[in-house]
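Asks: Provide a 3D model corresponding to the input given below.
(one chain, ligands or ions: 2)
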Amino acid sequence: MSDIKNMQLTVPDASSSVSSSDKSIGRIVSVTGSKAIVMLDSPKEGRVLRNDPPDMGTLLGIDTTNTVVLAIISALSVPVPAQRDGDAEIWIAELGLCGELWRDESGRANLFARGVTVYPALGDRVRVASKSELEAAFCGDSSRSVRIGCIRQDSTIPAMVRVDELLGKHLAILGTTGTGKSCTTALILRAILAKNPAAHIVLLDPHNEYATAFSEWAEVISPRNMQLPFWLLNFEEIVEVLISDGSRKAEIEILQELIPIAKARYSAGRARDQQNFRRGMIEPTRFTVDTPVPYRISDLTGLIDERMGKLENKKDLSPYRQLRSRIDNISQDGRYSFMFGSLTVYDGMTQVLSRIFRVPVNNKPITIVELTGLPTEIIKVVVSVLSRMTFDFAHWSEGKVPLTLVCEEAHRYVPAAGQLGFEPCKRAIAKIAKEGRKYGVALCIVSQRPAEIDPTILSQCNTVFALRMSNDRDQEIVNAAITDTGSGLLEFLPALGQREALAFGDGVALPVRIKFDELPAHCLPRSTTARFTEHWQKSVGDEGFLEQVVEKWRSSDIGAGSDATQHAAMMADGLGIDPGPLAPEPLRPSAPAPRQESPLAARVREADVLRPSAPAPQPAAPANPAARPTPTVRRDTFGSAPASPPPQRAGTPEAAGSEQPPVPGAALKSLRDRLIQRQQR
Ligand SMILES: Nc1ncnc2c1ncn2[C@@H]1O[C@H](COP(=O)(O)OP(=O)(O)O)[C@@H](O)[C@H]1O
Ligand SMILES: [Mg+2]
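Replies: Ligands and ions are numbered 1, 2, ... in the order given. The predicted structure follows:
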């Protein structure tokens with residue numbers, strides 16, 4: 001087939017008598033289902049293929065009484081080649097019938113429909129589709145479509161994608177590394193966001209490359225400002241974090257028993273419930289291990305200690321001890337502070353949802369979750385929580401907030417059977433792929449290794465943008481996804497140029513070869529391709545370069561969990577009060593500090609004592625700004641903290657030269673004062 005692909009149907013005799021307006025190239029000699037075969041005119045018949053020699057993928061038109069059938073060339077062949085140059089031979093084009101244009105009263109064919117209802121008859125003439133026909137097919141309903149490029153056949157025809165169909169039935173962007181997947185993702189999302197300013201898109205960004213592409217529109221959640229409290233994790237996820245080894249059954253059972261009790265204790269700790277708890281009216285069993293309600297790690301470890309104390313057989317202590325020590329290690333590990341870093345717990349679930357899913361949108365319709373910098377072993381857990389929450393949020397908000405989850409490097413999170421992967425993560429994404437449509441959750445899969453993605457998930461992606469792909473197995477996978485009509489196009493996969501893709505599925509009118517628009521420099525994702533020649537012209541190493549590298553390296557251990565200003569702001573937000581002028585963050589050492597009771601911790605603990613007695617809002621209740629629940633002072637939230645600049649570090653010239661040293665914990669103190677005032681009121 002590859003020889004045929006390169007075949008040029010130019011005909012030697014250009015001095016034909018046929019008028020240039022007649023672009024017909026042959027006649028139908030066979031029609032079967034959605035395919036047809038055309039015998040191309042030979043020069044001897046007088047019709048010359050001189051204007052546009054049809055190429056693979058060219059769109060043709062076949063006139064019937066009421067319609068123009070649109071067909072795409074999917075194969076070209078010469079069944080019996082001539083022995084000598086110039087001898088007569090038969091040229092065949094195979095067509096996929098893919099759509100039709102209905103004629104209006106004036107006879108103009110301009111109403112496009114996918115699929116074919118009126119079939120061409122034997123002997124019907126076939127011609128290259130005209131510009132107006134291509135326009136009618138590709139730019140039909142422009143109100144719900146966005147432009148992403150032009151079509152290869154005619155660069156004056158815009159390639160539009162239909163947003164509802166594209167997202168409603170999921171999409172995949174596939175191609176070898178370096179072919180432009182990230183740029184294509186940015187281009188398509190930007191085109192959608194430009195027309196849909198109140199969108200809700202969550203992009204999982206494993207290479208921290210997208211923030212530059214959406215600067216004005218993006219809420220960027222990085223490991224520095226991420227707050228994903230551990231209590232939002234379901235049981236499998238918390239087991240993965242705290243135990244990670246599924247064979248340690250005894251420890252898993254302990255967690256399974258104690259987490260619901262810790263949840264009940266936390267709930268009972270709230271003043272209003274306290275009496276009921278004492279009276280035994282609150283059952284520990286009212287929460288399951290999976291219910292997303294807060295609990296304290298200290299309650300969990302306390303329960304473990306209690307159990308250990310009661311054990312008679314000291315041999316049974318081992319799983320308790322191991323679990324206890326793992327919990328201690330993880331919850332004190334600076335890299336995990338985004339999950340365990342809060343000194344107190346409060347129910348910030350609505351803030352978590354608000355920040356991730358952009359409700360309200362606050363002019364930032366896309367959330368970019370940067371994953372580089374998180375401990376490698378926990379990234380899959382974070383992806384799992386976010387994917388699960390995406391589905392659950394859509395489910396509990398009854399589809400009122402359509403969401404899109406973009407999963408870059410998807411083969412990592414939804415690998416095909418037999419490959420390593422985190423089962424709950426795969427299940428969460430598979431759930432979106434299978435059931436997301438009902439609740440308005442779209443999935444966008446981006447991957448350079450389609451063959452390694454779970455085929456059941458990939459097969460749910462109705463629209464596919466296939467960029468250059470050379471690996472045979474990957475091509476086969478894409479081949480399986482495309483319908484018969486466009487399959488011939490796939491011959492192009494290894495030969496596609498820069499910014500080119502084959503697009504097929506409901507998101508585009510017809511299977512088509514697209515040339516994407518060029519993204520302006522300020523909208524490009526940060527390319528991960530190192531520019532060696534640029535960087536190897538000049539030596540680096542002076543101006544404290546290495547010191548900065550070491551500084552960054554070490555400080556990666558310090559997460560946002562210990563950022564008092566940010567937490568104060570989040571707490572204020574959780575309580576629905578004005579955070580006021582928050583003092584700058586006290587200077588922090590650049591190495592992870594041992595966890596001791598600091599003045600800051602003491603203050604936060606004091607604030608924790610000030611818990612008002614009203615019950616917490618039901619976690620599943622959709623956020624309603626008008627009916628803000630009476631607050632409960634709790635922490636641990638993804639929160640909607642204002643983006644605060646990274647704290648200054650000891651030893652920097654700015655810090656040394658500042659006239660007024662920042663007051664440690666002043667932010668929390670002022671917050672506390674306001675809390676007291678509020679309680680007195
Ligand atoms: N639509 C586009 N506009 C501008 N540049 C593009 C576009 N598509 C691809 N590129 C170029 O291709 C390079 C590689 O693209 P990238 O998206 O990083 O590839 P991938 O994600 O497949 O590894 C980019 O650095 C960019 O120069
Ligand atoms: Mg990329």
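Asks: Name the SS class of the residue in the stretch 151-300 of the chain that ligand 2 sits nearest to, please.
Replies: Going by Cβ to the ion, ligand 2 is nearest to residue 182 of the stretch 151-300 of the chain, at 3.4 Å. C-beta coordinates here come from the backbone N, C-alpha and C atoms, glycine included. Per DSSP: H, G, I helix; E, B strand; the rest coil, the local secondary structure of residue 182 is helix.
Asks: That one - nearest residue in space that isn't next to it in sequence?
Replies: Distances taken as Cβ to Cβ, 6 or more residues apart in numbering place residue 525 nearest to residue 182, at 4.3 Å, with adjacent residues excluded.
Asks: For the one you found, list the residues it contacts.
Replies: 182-183, 185-186, 209-210, 212-213 (Cβ atoms under 8 Å, 6 or more residues apart in numbering).
Asks: residue contacts, the residue lying closest to residue 184 once chain neighbours are set aside?
Replies: In space, and not counting its chain neighbours, residue 184 is closest to residue 173: 5.4 Å by Cβ to Cβ, 6+ apart. Contact analysis of residue 173 by Cβ under 8 Å, 6+ apart lists 181, 184-185, 188, 444-447, 464-465, 467.
Asks: farthest-separated two in the contacts of residue 525?
Replies: Pairwise distances across the contacts of residue 525 (Cβ to Cβ) peak at 13.1 Å, for the pair 185 and 212.
Asks: So these two - more neighbours on which side?
Replies: Using other Cβ atoms under 10 Å, the more surrounded residue of residue 185 and residue 212 is residue 185, with 23 against 18.
Asks: Is the host helix or strand of that one in proximity to ligand 1?
Replies: Using DSSP states H and E, residue 185 sits within helix 181-195. Yes - shown here: helix 181-195 in contact with ligand 1 (Cβ under 6 Å from any ligand atom) through 181-183, 187.
Asks: in a strand, that's where residue 146 is, yeah?
Replies: Yes - assessed with three-state DSSP, residue 146 lies in a strand.
Asks: I figured it hits residue 193, correct?
Replies: No - using Cβ atoms under 8 Å, residue 146 is not in contact with residue 193; the gap is 9.3 Å.
Asks: tell me, what residue is most central in this structure?
Replies: Geometric centre of the chain, nearest residue: residue 406, 1.4 Å, by Cα atoms, centre = their mean.
Asks: angle of the helix or strand where that residue lies against helix 181-195?
Replies: Per DSSP H and E, residue 406 falls inside strand 403-407. Per axes from the mean of the first three to the mean of the last three Cα atoms, to 10 degrees, the angle that strand 403-407 makes with helix 181-195 is 170 degrees.
Asks: Direction included, what does strand 403-407 pair against?
Replies: strand 201-205 (parallel), strand 441-447 (parallel) (DSSP bridges).
Asks: In whichever helix or strand comes after the last one, which residues are buried?
Replies: So that's strand 441-447. Counting by DSSP H and E, the next helix or strand C-terminal to strand 441-447 is helix 455-458. Residues of helix 455-458 classed as buried by neighbour count (16 or more other Cβ atoms under 10 Å): 457-458.
Asks: With stretch 169-181 instead?
Replies: Going by neighbour count (16+ other Cβ under 10 Å), the buried part of stretch 169-181 is 169-176, 179-181.
Asks: now stretch 433-452
Replies: Applying 16+ other Cβ under 10 Å to stretch 433-452 flags 433, 436-437, 439-452 as buried.
Asks: Repeat that for stretch 108-120.
Replies: Of the residues in stretch 108-120, those buried by neighbour count under the rule 16+ other Cβ under 10 Å are 109-110, 112, 116, 119-120.
Asks: starting at the chain centroid, how far to it?
Replies: 35 Å (Cα atoms, centre = their mean, to the nearest Å).
Asks: List the contacts of it.
Replies: Here stretch 108-120 makes contact (Cβ under 8 Å, 6+ apart) with 28, 31, 34, 36, 62, 64-69, 97-104, 126, 132-133, 136-137, 140, 506, 509-510.
Asks: How about the residues of this structure by ligand 2?
Replies: Residues of the chain lying near ligand 2 by Cβ under 5 Å from the ion: 181-182.
Asks: How far does the strand ranked longest in the chain sit from its chain's centre?
Replies: In the chain, ranked by residue count with DSSP state E as the criterion, the top strand is strand 91-103. Its chain's average C-alpha position is 36 Å from that of strand 91-103, according to Cα atoms, centre = their mean.
Asks: Packing partners of it?
Replies: The contact analysis (3 or more Cβ pairs under 8 Å, 6 or more residues apart in numbering; DSSP states H and E) places strand 91-103 against strand 24-32, strand 35-40, strand 67-77, strand 109-114, helix 131-138.
Asks: Quick check: which ranges of the stretch 401-550 of the chain have low pLDDT?
Replies: Scanning the stretch 401-550 of the chain for pLDDT under 70 picks out 418-419, 483-488, 527-530.
Asks: check contacts around the residue nearest to the centre of the chain.
Replies: By Cβ under 8 Å, 6+ apart, residue 406 lies in contact with 185, 189, 201-204, 444, 446.
Asks: Regarding residue 316, what is its secondary structure?
Replies: Classification of residue 316 using three-state DSSP returns helix.
Asks: residues near it, how many?
Replies: When neighbours are counted by other Cβ under 10 Å, residue 316 comes out with 12.
Asks: For it, report the pLDDT, please.
Replies: For residue 316, the pLDDT comes out at 81.
Asks: right, is stretch 203-221 up against ligand 1?
Replies: No - residues of stretch 203-221 contacting ligand 1 under Cβ under 6 Å from any ligand atom: none, with a closest distance of 7.4 Å.
Asks: Please compute how far that stretch lies from its chain's middle.
Replies: For stretch 203-221, the gap between its own C-alpha mean and the chain's C-alpha mean amounts to 11 Å (Cα atoms, centre = their mean).
Asks: now stretch 67-85
Replies: Distance of stretch 67-85 from its chain centroid, counting by Cα atoms, centre = their mean, is 42 Å.
Asks: One more: stretch 26-38?
Replies: Counting by Cα atoms, centre = their mean, stretch 26-38 is centred 42 Å from the centre of its parent chain.
Asks: Same question for stretch 384-396.
Replies: Remark: stretch 384-396 is offset 13 Å from the chain centroid, using Cα atoms, centre = their mean.
Asks: what mean pLDDT does it have?
Replies: On average, stretch 384-396 scores 94.
Asks: residues contacting the residue of the stretch 51-200 of the chain found nearest ligand 1?
Replies: Closest residue of the stretch 51-200 of the chain to ligand 1, Cβ to the nearest ligand atom: residue 180 (2.9 Å). Residue 180 makes contact with 467, 498-499, 516, according to Cβ under 8 Å, 6+ apart.
Asks: go on, residue 100?
Replies: 67-70, 112-113, 115-118.
Asks: Adding distance to residue 161 and pLDDT, write those out as a markdown table.
Replies: Below are the contacts of residue 100 laid out as a markdown table (distance: Cβ to Cβ, whole Å; pLDDT from 0 to 100):
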| residue | distance to residue 161 | pLDDT |
| --- | --- | --- |
| 67 | 24 | 94 |
| 68 | 23 | 95 |
| 69 | 23 | 95 |
| 70 | 18 | 94 |
| 112 | 15 | 91 |
| 113 | 18 | 90 |
| 115 | 19 | 88 |
| 116 | 22 | 92 |
| 117 | 24 | 93 |
| 118 | 27 | 93 |
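Asks: any idea which of these is closest to residue 340?
Replies: Distance to residue 340 across the contacts of residue 100 (Cβ to Cβ) is lowest for residue 115, with 54.6 Å.
Asks: next one: phi and psi at that closest one?
Replies: As for residue 115, its main-chain torsions (degrees, to the nearest 10) stand at phi 80, psi 170.
Asks: That one and ligand 2, how far apart?
Replies: Going from residue 115 to ligand 2 by Cβ to the ion, to the nearest Å gives 34 Å.
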